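Q: Here is a sequence together with a model predicted from it:
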Amino acid sequence: MKTTVVPAQITTVEDKIAGSLTLPQIMLLVVPLILGAAIYAGIPPKMHLGSFKLTLIIIQYAFFGALALRFNGKIVADWLVVYLRFKSRPSRYIFTKNDLIYRETTNEKEKITREINEEKKSDIKNQTRPLTLLEERNIGKIFNNDSLTISFKPSKKGGMDVLLKQKKD
């Protein structure tokens, strides 16, 4: 019984259409046929083969024929695409934090109004009114009372909790 090895990566195997030629190679060889016919029929004197037309047809046949050749398992056209992509990339990458591509930009009016609003909010939070005489007297009574214990505990949000307890006798 005869066995054959099936390649693991079937998607990378190229189909051979005519001999050892693949579809991209055949396309690269058909394009100069069409262009040669267009040159022969389109450039004056029409339908007459001259030295200028013959030179153009031979040059484009040589160019497309060279693109259809294989080199290291790939056709030259594929290598040309790889090379042109490599050359089109930037050769130097510069990292800068001052790049404004992904930053939100605001104009000066928005910045000024935002700063004024923040200042107003902070002023409102930090304003304390002076104590009246009655409030000072009541606070003095609380602190001078020996039967009360006062404890201060910081709260989780930055405030202060004051706890008044009656002393046990």
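A: Right, received. Where do you want to start? Numbering: from 1, shown residues only.

Q: tell me which element Ile112 falls in.
A: When elements are defined using DSSP states H and E, Ile112 is found to belong to helix 108-126.

Q: List the buried residues in that helix.
A: Residues of helix 108-126 classed as buried by neighbour count (16 or more other C-beta atoms under 10 Å): none. No exception for glycine: its C-beta is placed from N, CA and C like everyone else's.

Q: CA atoms of it as PDB?
A: C-alpha atoms of helix 108-126 as PDB (Å, rounded to 0.1, in the frame of the first residue of the first chain):
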ATOM      1  CA  GLU A 108      -8.000  79.300  27.200                       C
ATOM      2  CA  LYS A 109     -11.600  80.300  28.000                       C
ATOM      3  CA  GLU A 110     -12.500  76.800  29.100                       C
ATOM      4  CA  LYS A 111      -9.400  76.600  31.300                       C
ATOM      5  CA  ILE A 112     -10.100  79.900  32.900                       C
ATOM      6  CA  THR A 113     -13.800  79.200  33.600                       C
ATOM      7  CA  ARG A 114     -12.800  75.700  35.000                       C
ATOM      8  CA  GLU A 115     -10.200  77.300  37.300                       C
ATOM      9  CA  ILE A 116     -12.700  79.900  38.500                       C
ATOM     10  CA  ASN A 117     -15.400  77.200  39.200                       C
ATOM     11  CA  GLU A 118     -12.800  75.100  41.200                       C
ATOM     12  CA  GLU A 119     -11.800  78.200  43.200                       C
ATOM     13  CA  LYS A 120     -15.400  79.000  44.100                       C
ATOM     14  CA  LYS A 121     -16.100  75.400  45.100                       C
ATOM     15  CA  SER A 122     -13.000  75.300  47.400                       C
ATOM     16  CA  ASP A 123     -13.900  78.700  48.900                       C
ATOM     17  CA  ILE A 124     -17.400  77.500  49.700                       C
ATOM     18  CA  LYS A 125     -16.000  74.400  51.400                       C
ATOM     19  CA  ASN A 126     -13.300  76.200  53.400                       C
END
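
Q: How far off centre is it?
A: Helix 108-126 has its C-alpha centroid displaced from the chain centroid by 34 Å (C-alpha atoms, centre = their mean, to the nearest Å).

Q: pLDDT averaged over that helix - what is it?
A: Taken as a whole, helix 108-126 has a mean pLDDT of 75.

Q: could you point out which element follows that helix?
A: helix 133-144.

Q: what sits up against that following helix?
A: Outside helix 133-144, the residues that touch it by C-beta atoms under 8 Å, 6 or more residues apart in numbering are Leu131, Leu148, Ile150, Leu164.

Q: rerun at 10 Å
A: Taking C-beta atoms under 10 Å, 6 or more residues apart in numbering as the criterion, the residues outside helix 133-144 that touch it are Arg129, Pro130, Leu131, Thr132, Leu148, Ile150, Val162, Leu164.
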